[in-house]
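Participant: Got a predicted structure plus its sequence, pasted below:
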Amino acid sequence: MNDILKALAGGLAGACVVTAVHETVRRLNPDAPRMDVLGMRSISKLMHKADLTPPQDKEKLHTWALVGDVVSNSLYYSMAGTGKSAWWRGAVLGAAAGAGAVLLPGPLGLGEEPSNKTTETQALAIGYYLLGGLVAAAVGFALRDDEDE
C-alpha cells in the first residue's frame, strides 16, 4: 500500500472517530459541541450563495453535514501521514482543528453557541479534534513501512 493510501486510511479513521464521538456525546451531554449544527448551517449558507435550495428535511441536511464532515476531516487528517512523525503532525492538526472549531464559527457567520456554549463545550470540541488527529497518527504509524522507523 503506498504512503498516500496509508495516510488517507489514517485520515478516514480519525474522521470517523471524531464524528462518532460528536454524535454519541451530543446525545448524552447538553453542553456537548454541536458541530453537526455548524455543518448544517454551512451547507445551507453555501447553497444559498450558489442560488440553490438546501434540503428542507432536517434529517437529510443532518446526513449531508455528517458526510461532509467525514469527507473533509478525512482529507484534513490524512496530512498526518505515516511513520514516526505522524504523531506530532496528527497532534498539531488535531489541536489546530479544535482551535478552529472554537474560534472560527462566529466570524464565519455560523453562530458561536454550537462550539462555544460553555467552557466545557469548548474543551470538548478541542479534545474531539485532537483525538481525531491522534487516531489518524496512530493508523499512519501502524501502517508505516519498515524504512520509516
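Facilitator: That came through fine.

Participant: which parts of the longest helix seen in the chain are buried?
Facilitator: Identified as the longest helix of the chain according to DSSP state H is helix 3-28. With burial defined by 16 or more other Cβ atoms under 10 Å, the residues of helix 3-28 counted as buried are 6-19, 21-22, 26. Heads up, the C-betas are built off the backbone N, CA and C, glycines and all.

Participant: before we move on, what about stretch 67-86?
Facilitator: Result for stretch 67-86 [16+ other Cβ under 10 Å]: buried residues 69-70, 73-74, 76-83, 86.

Participant: got a list of what the residue nearest to the spatial centre of the chain touches?
Facilitator: If you average the C-alpha coordinates of the chain and look for the closest C-alpha using Cα atoms, centre = their mean, you land on residue 73, 4.5 Å from that point. The neighbourhood of residue 73, defined by Cβ atoms under 8 Å, 6 or more residues apart in numbering, consists of 11, 14-15, 18-19, 97, 132.

Participant: any chance of the residues you listed in CSV, with pLDDT and distance to residue 30 too?
Facilitator: As requested, the contacts of residue 73 are arranged in CSV below (pLDDT from 0 to 100; distance: Cβ to Cβ, whole Å):
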residue, pLDDT, distance to residue 30
11, 97, 30
14, 98, 26
15, 98, 25
18, 97, 20
19, 97, 20
97, 98, 23
132, 98, 23
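
Participant: can you tell me which of those lies nearest to residue 138?
Facilitator: Relative to residue 138, the closest of these is residue 14; by Cβ to Cβ it sits at 8.7 Å.

Participant: Touching, that closest one and residue 140? I think so.
Facilitator: No. Under the criterion of Cβ atoms under 8 Å, residue 14 is not in contact with residue 140, lying 9.1 Å apart.
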